[in-house]
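Chemist: from the sequence below, what's the structure:
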Amino acid sequence: MADWIKDELTLRDDHTWRAKAGCKIFVADRGALRLDYPETWVVIPSENSINFHDRQPPDDDIHMEVSIMRLPPIDWAGLPLRDLIPSAVHGDERDIQWRGEIQEQRHGEVEIAWLESMFIDRQQGEREARTRLCLARGANIQPIITMEYWPEDRERAVKAWDDALDSLELGMYIEDPTKGHTLH
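Modeler: You can find the predicted model right below:
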């Protein structure tokens, strides 16, 4: 079982942390992963991941989940993330109706590939739902980010997704979390 420790620290006056307007910053393992998420969302750790909910479950409409894998220090250039997406979604037992095109982006050294799908949620009375799966890679860190939402919540979900991916940093370890990044 993973041990999660939530610390809320008082930032120094000269700190360098910056989140997008309306967001908070989530940092895992002193900087192995950093991303922005909506400031009103609820953060709940589970055994192997961190869950972000737009409201306290079970009343949530949007759920994003993040887990981190550490990779061996080799050159991963020959294995594009887009080639890993089909394996990552293989075996999904939900009633998948369609899958979109794999999207790719890059932020500095961070590679990102993701896919959106539509499924029928049988537990919610045959209700249509959306799911997204993202693999990212940088600094020998590979997070898996997933999100599920209802079509009527698309605008809020897409903004949260875009903010998270646009702000994603990997392997930016922080010596003093009350200060943020420092250049030496």
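
Chemist: chain center to the helix or strand bottoming out on mean pLDDT in the chain: distance?
Modeler: Among the helices and strands of the chain, strand 95-99 carries the lowest confidence by mean pLDDT, DSSP states H and E, at a mean of 89. A distance of 22 Å separates the centroid of the chain from that of strand 95-99, by Cα atoms, centre = their mean, to the nearest Å.

Chemist: which ones are touching the residue nearest the centre of the chain?
Modeler: Taking Cα atoms, centre = their mean as the criterion, I145 is the residue nearest the geometric centre of the chain, at 3.8 Å. By Cβ atoms under 8 Å, 6 or more residues apart in numbering, the contact list for I145 reads M64, E65, V66, W114, R132, L133, C134, A136, A164, L165. Every residue, glycine included, has its C-beta placed from N, CA and C.

Chemist: how about the helices in the chain?
Modeler: Here the chain has its helices, by DSSP state H, at 81-89, 154-167.

Chemist: residues in contact with the shortest one?
Modeler: Yep, that's helix 81-89 we're talking about. The contact list for helix 81-89, computed with Cβ under 8 Å, 6+ apart, reads 99, 102, 104, 111-115, 117, 133, 135-137, 144.

Chemist: so who does the spatially closest residue to D7 that is not a sequence neighbour touch?
Modeler: Closest residue to D7 apart from its sequence neighbours, by Cβ to Cβ, 6 or more residues apart in numbering: P177 at 7.7 Å. If you count contacts by Cβ under 8 Å, 6+ apart, P177 has them with D7, L9, V27, R30.
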